[in-house]
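Colleague: Quick one, fold the following:
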Amino acid sequence: MNTVFVEPSLHEKVFVTFPIAIFVSPTHHGCTVGHRWIFLLVWRYLFPKKHFGTFFTWMSTAGIAAGVALLMIVLSIMNGFDTHIAEKLIQINGAIKIIARRSVTQDEDFIERIRRLPHVKAITPYVAGISMMQVGERVALPKCLGLEVETAGLVLPLERFLTKGSLNGLKDGAWVSEALAHECGLDVGDTFELYSPLALEAMRKEELLLPREVTVAGLFKTGWAEADRSTVLLPLELSQELYALSDNVHGFSVEADRHYLGEVCREINRLLPPGLVAYTWNTLNADFLYILKLEKAMCFFVLLFVVAVAAFSMSSGLMSAVVRKRRELALLRTWGATRTDLSLLFGLQSLLLGFLGLLTGFAAAAVILHERNAIVRGLTGWLLPKDALWNFYDVETLPAVWDRQDMLWIALLTLVMTLLASLLPIGRMYKLPLVQSLRRG
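Modeller: From the prediction side, this is the model:
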């Protein structure tokens, strides 16, 4: 029987890893445990006895957690703003818009057929165009939107937009956006002159088309800068007179169940005569929504590098561990462990650290997002005038929406990057002459 002498410097290593040898040794009757010893050793390396983790364990976890939390917070807030913007677009234009190439008549039978479609809640006609308004010496070119007061409130949240005045006042007067009213010095009860776009054509014919004097019946604010900058809401009859439409309109806005907009839009298009086309709100704003998605994708791509840096910083720690523990690795080799087993040892360490970083990062993101409004109010109160941010974005609280798909992508890519980061220490281990390490003092 051959006798194997173990150097004194290895005695401590032997006693530490001896229980592992029972599982590794192919001659032991308990070898059916397979690779369970790898999981035990992974846990011993990251969480030694009498120590709740090593400095390397928690620094690696903290780095990955910081990247995951940052990704989740930014994406959740962007999702919140996307949802907020989508809601504003629907509130301003309606869920579905029927646009006419030319003005069309208000056919009651046609309107009733659309109203009876499944998932359709309401329909209202509109007239839209540009006019010139004059207040003393001030002149503006607002977008005018003529609405039927009786049905418009069923499609558009007019009461929510109104900041001063009354809803019934729109039957006899006009609603002016707050920004335009401030620019022209208007308030409820004031009057202004509104010129028809047809006045230019009348001048060519040497005719005089007098402006209409309109009373300000209310002020409104939608929260959408483009609409609030320069918009006037008028009674439908007055808009038809301004554009010489008789009883015709420019289109219809439809309110429907948000879960069936595509289906409802297709059904409406089947009923529409030539010259009329129905669009959902996201089709009308496809370019703008694409930009929002592109911004989110770029943020995800850029912030993902934070996780990548943390993962490869962890890799450098594992590489140093390979060098420090090369004699232990050599001892495991003599007990029957293969290089594949040792590769799995470091790969599982990386995955475990990545998993711990994911859990910690998601938990930190949940806490920060829960307290996001207090944090932002503290920062804006210190850096900006009070409520400046809220007034600019027209939100009472910072919106945030958790998306399961975002979480799955973050989890998947984080674990993939941590696993790829383990390839460097594994490659380093393959280059080390492990057997010769036992002969060194």
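
Colleague: what comes up buried for whichever helix or strand G361 is part of?
Modeller: Following DSSP states H and E, one finds G361 within helix 339-370. For helix 339-370, a neighbour-count test (16 or more other CB atoms under 10 Å) marks 341-358, 360-362, 364-365, 368-369 as buried. Every C-beta, even on glycine, is put in place using the N, C-alpha and C of the backbone.

Colleague: Is the nearest residue to V74 once chain neighbours are set aside within a helix or a strand, and which one?
Modeller: The shortest distance from V74 to any residue other than its chain neighbours is 5.5 Å, reached at C299 (CB to CB, 6 or more residues apart in numbering). For C299, the host element (DSSP H and E) is helix 286-324.

Colleague: what angle sits between that helix and helix 339-370?
Modeller: 130 degrees (axes from the mean of the first three to the mean of the last three CA atoms, to 10 degrees).

Colleague: Give me the buried stretch members for helix 286-324, please.
Modeller: 289, 296, 299-300, 303-304, 306-308, 310-311, 314-315, 317-319, 321-322.

Colleague: Report the distance from the next helix or strand after that helix to the chain centre.
Modeller: Using DSSP H and E, the helix or strand that follows helix 286-324 towards the C-terminus is helix 326-334. Averaging C-alpha positions (CA atoms, centre = their mean, to the nearest Å) puts helix 326-334 49 Å from its chain's average.

Colleague: mean confidence for helix 326-334?
Modeller: The pLDDT scores in helix 326-334 average 71.

Colleague: and it, what does it pack onto?
Modeller: helix 11-24, helix 339-370, helix 434-437 (3 or more CB pairs under 8 Å, 6 or more residues apart in numbering; DSSP states H and E).

Colleague: chain center to the second one, what's the gap?
Modeller: The one in question is helix 339-370. The mean C-alpha position of helix 339-370 is separated from the chain mean by 24 Å, CA atoms, centre = their mean.

Colleague: For it, the averaged confidence score.
Modeller: Across helix 339-370, pLDDT averages out at 86.

Colleague: Roughly how far does A122 sit from T57?
Modeller: Separation of A122 from T57 (CB to CB, to the nearest Å) stands at 60 Å.

Colleague: Equivalent analysis for A65, please.
Modeller: 12 Å.

Colleague: Kindly report the same for L145.
Modeller: 62 Å.

Colleague: Check L379 too.
Modeller: L379 is 33 Å from T57, by CB to CB.

Colleague: out of those two, which sits in the more crowded spot?
Modeller: Taking neighbours as other CB atoms under 10 Å, L379 and T57 compare with T57 leading, 21 against 11.

Colleague: who are the neighbours in contact with that one?
Modeller: Contacts for T57 (CB atoms under 8 Å, 6 or more residues apart in numbering) come out as 46-47, 353, 356.

Colleague: which ones are touching the most centrally placed residue in the chain?
Modeller: Nearest residue to the geometric centre of the chain (CA atoms, centre = their mean): N79, 2.1 Å. Residues in contact with N79 (CB under 8 Å, 6+ apart) are 296, 400-403, 406.

Colleague: mind redoing it with 10 Å?
Modeller: Applying CB atoms under 10 Å, 6 or more residues apart in numbering, one finds that N79 lies in contact with 296, 399-403, 406.

Colleague: Next: L303.
Modeller: 67-68, 70-75, 410.

Colleague: Looking at it now. What's its pLDDT?
Modeller: 89.

Colleague: when you give positions from now on, start the count at 333
Modeller: Got it, the first residue is 333 from now on, which makes the last one we talked about L635.

Colleague: Tell me, how many residues neighbour W390?
Modeller: Residues lying near W390 (other CB under 10 Å) number 16.

Colleague: just checking, it touches G649?
Modeller: No - W390 lies out of contact with G649 (CB atoms under 10 Å); the separation is 11.3 Å.

Colleague: can you list residues touching both of these two?
Modeller: Counting by CB under 10 Å, 6+ apart, the residues touching both W390 and G649 are L685.

Colleague: With respect to S498, which of the contacts of T389 is nearest?
Modeller: Nearest to S498 among those, counting by CB to CB, is L688 at 59.6 Å.

Colleague: Could you measure from that closest one over to A695?
Modeller: The value you get for L688 to A695, if CB to CB is used, is 11 Å.

Colleague: residue ranges with poor pLDDT in the stretch 433-582 of the chain?
Modeller: Within the stretch 433-582 of the chain, the ranges that satisfy pLDDT under 70 run 532-535, 538-540.

Colleague: Run through the strands of it in chain order.
Modeller: 452-462, 464-467, 470-472, 475-479, 494-497, 506-509, 523-527, 544-552, 563-567, 580-588 (DSSP state E, counting those that start in this stretch).

Colleague: Pull up the pairing partners for the third one, direction included.
Modeller: I take that to be strand 470-472. As defined by DSSP bridges, the strand partners of strand 470-472 come to strand 464-467 (antiparallel).

Colleague: do the longest one as well
Modeller: Here strand 452-462 has these sheet partners by DSSP bridges: strand 475-479 (antiparallel), strand 580-588 (antiparallel).

Colleague: could I get those as a markdown table with distance to K420 and mean neighbour count?
Modeller: Formatted as a markdown table, the strands paired with strand 452-462 follow (distance: least, CB to CB, whole Å; neighbours: other CB atoms under 10 Å):
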| stretch | distance to K420 | mean neighbour count |
| --- | --- | --- |
| strand 475-479 | 16 | 23 |
| strand 580-588 | 15 | 22 |
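
Colleague: Turn those into CSV, columns for distance to L488.
Modeller: Formatted as CSV, these follow (distance: least, CB to CB, whole Å):
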stretch, distance to L488
strand 475-479, 8
strand 580-588, 7
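
Colleague: So which of the ones you listed is nearest L664?
Modeller: strand 580-588 (66.5 Å).

Colleague: Tell me the gap between that closest one and the middle of its chain.
Modeller: Centre-to-centre, strand 580-588 and its host chain are 30 Å apart (CA atoms, centre = their mean).

Colleague: F493 reaches D560, doesn't it?
Modeller: Yes - F493 is in contact with D560 according to CB under 10 Å; the separation is 9.4 Å.

Colleague: who touches both of those two?
Modeller: Common contacts of F493 and D560 (CB under 10 Å, 6+ apart): 424, 509-510, 552-554.

Colleague: Among these, find me the one that's closest to V609.
Modeller: Closest to V609, out of all of the shared contacts of F493 and D560 and judged by CB to CB, is I424, at 19.3 Å.
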